[in-house]
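J.: quick one, what's the 3D model for this:
(chains A and B)
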Amino acid sequence: MATLTEVNSKIAESDSTLNNDEILRYSRHLIMPEVGMAGQQKLKAAKVLCIGAGGLGSPLALYLTAAGVGTLGLVDFDVVDYTNLQRQIIHTTADVGRKKLDSAVDKLKAINPFVKLKTFDARLSSANALELFRDFDFIADGTDNFPTRYLVNDACVLTGKPNIYGSIFRFEGQASVFATENGPCYRCLYPEPPPPGLVPSCAEGGVLGILPGLVGVIQATETIKMILGQGDPLIGRLLLVDALGMKFRELKLRKNPDCPACGTHRTITELIDYDQFCGIRGGEASTATEGTMSEISVEGLKKKLDNKEDIFILDVREPHEYQICNLNGHLIPLGDLPKRVGELDSSREIVAHCKMGGRSAKAVTFLQQSGFKKVSNLTGGITAWAERVDPKMPKY
Amino acid sequence: MPQIQIPSPLRQYSGKQSTVDVAGDTVGEALTGLITQHPELKRHLYNEDGKLRAFVNVYVNDEDMRYLQKEATTLKDGDTISIVPSIAGGRGSAPSILR
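T.: Numbering: from 1, shown residues only, chains lettered A, B, ... in the order given. This next block holds a predicted model:
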C-alpha cells in the first residue's frame, strides 16, 4: 500500500508544468503559500476518481475541475431526470434524458479545458472497481446506496487509495476520509449495513437540495487538502452536518483492530457480492412477524390500483410465463430474488405474485426475513386475476 | 441529566424530538430510559437478542462507546449521547428500483 507521502511525491515527480494560461487561471491559488506553484502542480498531477455524478458528485466534480485537478475520472450509468435537478447542480433542465456523464462533461469542459476527463459509463461493480481504482490517486465517494458504499470502501482498502467519503440523509450529512494507511475505514465505523426497510429511504424521507452541496464541497475540500498535503484532513474524524440546526459536530473514529477489511486479521481479501451483503444478512433477523403471511386478494389489488395507490408489483415467475400474460409487474424469478433483492425499494408497498400463489408466498417470506415490512402475497396469483378481474387475460 | 441526540432517520420514532433527556448513570441505563419513553425506537436500535444493531453507533460526547466501557460507560451530568446510524445518500438504506 502506497503511503500518502509516496503518493504525493509521485504526483510531484510527474510532468505538471503550468502554461501561462494556467498560471493566470490559478493565480489566486499561486499567491497562497499553502498552494503556490508546487501545490498547483500537485493538483495538476493528481488523478481523482469521482464515483457518481449526482448530488455529491456535482459539487465535487465542479470544484475539483475548477481547482485544476489534472485528471478527473467520473463513473456513472444513470440518466438525468427531473427529480435530480433540485440538487444535482451539474445538470440542467435541458439535460433531462441525457446520460449524466455527457451532461457533466459538457459543464466541466466549459469550466476548465485543461482538465483531463475520463468517463466510465458503467455501474461500479466488484468486477470493475479494482482495475478502475488503480489508475487514480484518490477516490471520492458520491454514491447513494449501501452496496456501492461498501464496495468503494473495500476496493479503496485493497488498492490502498484514500476514500473521501460523504453521505446524506434529509438534512443531515456525514463526511470523513477513510482507508488511508493508518486511518480507519468505513467498516471500522459500520461493520455491516442496515437490513433493507429498517431505516426509511430518501425516496420516502427526502433530502434537502443544498445538503449534497454542503457535503460534496467538504469532500472536494478534503480531496484538495490531501493532494496538497496541507492542513488536517478528516482522517480518524467523522464530521456530522446538521443543516437544519446548522451545527457541525465531530466524532472520533478509530481504526478497529478487528475490522474485517483493514484490521489485523482481515477476512476481506477480495471484493464480494455487495448486493447480497446488503440485502440478506445473517444475525439481524427480520422484524416482520414470522409465520404470518400478509395476503391480498385480486379484488383488493384491483381496488388499490384503481385508487392509484403506489403499489409495486413483483412478478416472481419465469420470463416465458411473463410473456404469456402479466400485470406489468417487475419480473424477478423466485430463484434470482436473493441476488436481485437490491432492485426493490423497501419503502414502497410491494405485492408479489406468481401463477397460483405458491412461489410468491416463498418470495414474501424471504423479503420479510430480509427486512421488508410492506410486502404481501397475491392470493391465487395471476390465475385468480384472470378468472375474477380480467376475463380477457389468457390463462395457462 | 444526560441528553440523547436522535438522528433524523429515527426521529419519526421519538415523537419528532431531536434530543431526549433521560435519567441514567450509564450509557446502558440511558438507552433503556430512551426506549422506555419511546418504545418504537427499540427494534431500530436493538436486534432480537437485545444487542445494539451493527449499523448503529453510540457516542458519548465525541467518543465511540465501543472504545470506552460500552453500555457500562458511566455518565456525568451534561454528557451527550449521540446515536449515529449509517446513512447512504440519495436513497437511504433502500436500494433503488431498476430504472
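J.: which residues does the longest helix seen in chain B contact?
T.: Counting by DSSP state H, the longest helix found in chain B is helix B:27-37. By C-beta atoms under 8 Å, 6 or more residues apart in numbering or on different chains, the residues outside helix B:27-37 that reach it are B:2, B:4, B:14, B:20, B:22-24, B:41-42, B:45-46, B:58, B:60, B:65, B:68, B:70-73, B:75, B:81. All C-beta atoms are positioned from the backbone trio N, CA, C, and that covers glycine.
J.: narrow those residues to those in helices?
T.: B:42, B:45.
J.: show me the contacts of helix B:27-37 that map onto strands.
T.: Under the assignment DSSP state E, those contribute B:4, B:20, B:58, B:60, B:81 to strands.
J.: so how far is residue B:81 from the second one?
T.: According to C-beta to C-beta, to the nearest Å, residue B:20 and residue B:81 sit 9 Å apart.
J.: and what of the third one?
T.: As defined by C-beta to C-beta, residue B:58 lies at a distance of 6 Å from residue B:81.
J.: what's the pLDDT at residue A:184?
T.: pLDDT recorded at residue A:184 is 98.
J.: list the contacts of it.
T.: Contacts of residue A:184 by C-beta under 8 Å, 6+ apart are A:178, A:236, A:253, A:254, A:255, A:256, A:259, A:262.
J.: phi first, then psi, for the residue nearest to the first one when sequence neighbours are not counted.
T.: It refers to residue A:178. Leaving aside its sequence neighbours, residue A:178 sits nearest to residue A:163 (C-beta to C-beta, 6 or more residues apart in numbering or on different chains; 4.2 Å). Dihedral angles of residue A:163 (phi, psi; degrees, to the nearest 10) stand at phi -110, psi 110.
J.: right, and residue A:163 touches residue A:185 too?
T.: Yes - with contact defined as C-beta atoms under 8 Å, residue A:163 reaches residue A:185; the gap is 7.2 Å.
J.: overlap in contacts of the two?
T.: A:153, A:156, A:178, A:179.
J.: my guess is the first one contacts residue A:176. True?
T.: No - under the criterion of C-beta under 8 Å, residue A:153 lies out of contact with residue A:176, with a separation of 10.9 Å.
J.: mind checking which of those two has more residues around it?
T.: Shown here are residue A:153 and residue A:176; by other C-beta atoms under 10 Å in any protein chain shown, residue A:176 has more neighbours (29 against 26).
J.: residue contacts, the more buried one?
T.: A:165, A:189, A:234, A:235, A:237, A:238, A:239, A:253.
J.: let's see it at 7 Å
T.: Counting by C-beta atoms under 7 Å, 6 or more residues apart in numbering or on different chains, residue A:176 touches A:165, A:234, A:237, A:238, A:239, A:253.
J.: looking at chain A, which helix or strand is least sure?
T.: helix A:202-205 (a mean of 53; mean pLDDT, DSSP states H and E).
J.: if you could redo that for chain B, that was the one I meant.
T.: For chain B, counting by mean pLDDT, DSSP H and E, that's helix B:42-45 with a mean of 88.
J.: quick one: buried residues of that helix?
T.: B:44, B:45 (16 or more other C-beta atoms under 10 Å in any protein chain shown).
J.: any weak-confidence spans in chain B?
T.: B:89-99 (pLDDT under 70).
J.: centroid-nearest residue for it?
T.: residue B:83 (3.3 Å; C-alpha atoms, centre = their mean).
J.: that one and chain A: what is the separation?
T.: 11 Å (C-beta to the nearest C-beta, to the nearest Å).
J.: how's chain A carved up into domains?
T.: Domain segmentation of chain A under automatic domain parsing yields A:4-279, A:295-388.
J.: extract the C-alpha set from the longest helix along chain A and format it as CSV.
T.: Determined from DSSP H, the single longest helix within chain A is helix A:211-228. Provided in CSV are the C-alpha atoms of helix A:211-228 (Å, rounded to 0.1, in the frame of the first residue of the first chain):
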residue,chain,number,x,y,z
LEU,A,211,-27.3,19.3,1.6
PRO,A,212,-25.3,17.3,-1.0
GLY,A,213,-23.8,20.7,-2.0
LEU,A,214,-22.6,21.3,1.6
VAL,A,215,-21.3,17.8,2.0
GLY,A,216,-19.9,17.5,-1.5
VAL,A,217,-17.9,20.7,-1.1
ILE,A,218,-16.5,19.3,2.1
GLN,A,219,-15.4,16.2,0.2
ALA,A,220,-13.8,18.4,-2.5
THR,A,221,-12.0,20.4,0.2
GLU,A,222,-10.7,17.2,1.8
THR,A,223,-9.6,15.9,-1.6
ILE,A,224,-7.7,19.1,-2.4
LYS,A,225,-6.1,19.1,1.1
MET,A,226,-5.0,15.5,0.6
ILE,A,227,-3.4,16.3,-2.7
LEU,A,228,-1.6,19.3,-1.4
